[in-house]
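Q: any chance you could fold what I've pasted below:
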Amino acid sequence: MKFIIIGLGNFGAALALKMTEMGHEVIGVDNSMTKVSLLRDAITHTVCLDSTDIQAVRTLPLKETDVAIVAIGEDVGASIMATAVLKQLNVKKVIGRAISPLHQTVLEAMGITHIIHPEAETAERLAKRLDIKGIIDSFNLTDRYNIIEATVPERYVGQSIRDVNFRNKYNVVILTIIRVTEQKNVLGVTHKVSEVVGVAAPDMIFEKDDILVLFGNIKDIQRLLTQA
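A: Coordinates of the predicted model:
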């Protein structure tokens, strides 16, 4: 996959390095030539430009990019402007970084549904989420076993936990389902809120956009999520 990471501070640089290590094409962007130079030989591409300048951002390969991540943390204004530019240029998927509740509210008002909080999220954890399609969050129990949050694959919508039989087919256990509902924030903008439906029962039916909380080997979970 191809990623653009805007902002090469501590978090952005760590994320760029991890995603490159995982085999993805990463374009690191910053307005500091010093930061760009430090990563020049470590990630796929580096570009020094002003990410709040729409004409400058147009020069990036936006149409071929799968995900653009705004990792700017020091300058909230620049973070919001860079996010707005990416939205205006119709990038496929934009992930924003929020450093305060107000910052998050502004991003939500702009239509950003994927928001990260670096204070609670390591670059390695986010990289793992981005590496496998469908994964929303992950937690390592050991080197082999993980608890993963992942969007239910479309082919399972309308089936029950008993029907899909993940334990026998993939050696993966469903711990619970998180169901997403819509609520309005203080600005009157609709945003999504997640609610846990309880301990997984055999007769639970999967609904569109459900988030599955799965336990198992990461390779088995990947098979479950990607196998046709």
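Q: domain-wise, how is the chain divided?
A: Per automatic domain parsing, the domain ranges recorded for the chain read 2-129, 134-226.
Q: make TSV out of the ones you listed and add mean pLDDT and mean neighbour count.
A: C-beta: built from backbone N, CA, C; applies to glycine. Formatted as TSV, the domains of the chain follow (pLDDT from 0 to 100; neighbours: other CB atoms under 10 Å):
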stretch	mean pLDDT	mean neighbour count
domain 2-129	88	18
domain 134-226	80	15
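Q: which secondary structure elements does the longest strand anywhere in the chain contact?
A: Longest strand in the chain by number of residues, with DSSP state E as the criterion: strand 173-184. If you count contacts as 3 or more CB pairs under 8 Å, 6 or more residues apart in numbering; DSSP states H and E, strand 173-184 packs onto helix 166-170, strand 190-199, strand 211-217.
Q: which neighbours does it have in its sheet, and in what orientation?
A: Strand pairing for strand 173-184, determined by DSSP bridges: strand 190-199 (antiparallel), strand 211-217 (antiparallel).
Q: right, and the helix or strand after the last one?
A: Next in sequence after strand 211-217, counting helices and strands by DSSP states H and E, comes helix 218-226.
Q: measure Val91 to Met1 for me?
A: To Met1, Val91 is 14 Å away according to CB to CB, to the nearest Å.
Q: who wins for proximity to Ala14 among the helices and strands packed on strand 173-184?
A: With CB to CB as the criterion, Ala14 lies closest to strand 211-217 of the helices and strands packed on strand 173-184, at 25.7 Å.
Q: who touches the closest one?
A: Strand 211-217 is contacted by residues 136, 144-152, 166, 170-180, 194, 206, 221, 224 when judged by CB atoms under 8 Å, 6 or more residues apart in numbering.
Q: could you redo the last one with a cut-off of 7 Å?
A: 136, 144-145, 147-152, 171-178, 180, 194, 221 (CB atoms under 7 Å, 6 or more residues apart in numbering).
Q: next one: stretch 34-42
A: Leu8, Ala13, Ala16, Leu17, Thr20, Gly28, Asp30, Thr46, Cys48.
Q: A helix includes the second one, no?
A: This means Ala13. Yes. Counting by DSSP: H, G, I helix; E, B strand; the rest coil, Ala13 is located in a helix.
Q: for it, which non-adjacent residue is closest in space?
A: Leu39 (6.0 Å; CB to CB, 6 or more residues apart in numbering).
Q: measure the one you found to Ala71 for me?
A: Where Ala71 is concerned, Leu39 sits at a distance of 12 Å (CB to CB).
Q: for Tyr145, give me its contacts.
A: Neighbour list for Tyr145: Gly216, Asn217 [criterion: CB under 7 Å, 6+ apart].
Q: ok, 8 Å please
A: The neighbourhood of Tyr145, defined by CB under 8 Å, 6+ apart, consists of Phe215, Gly216, Asn217, Ile218.
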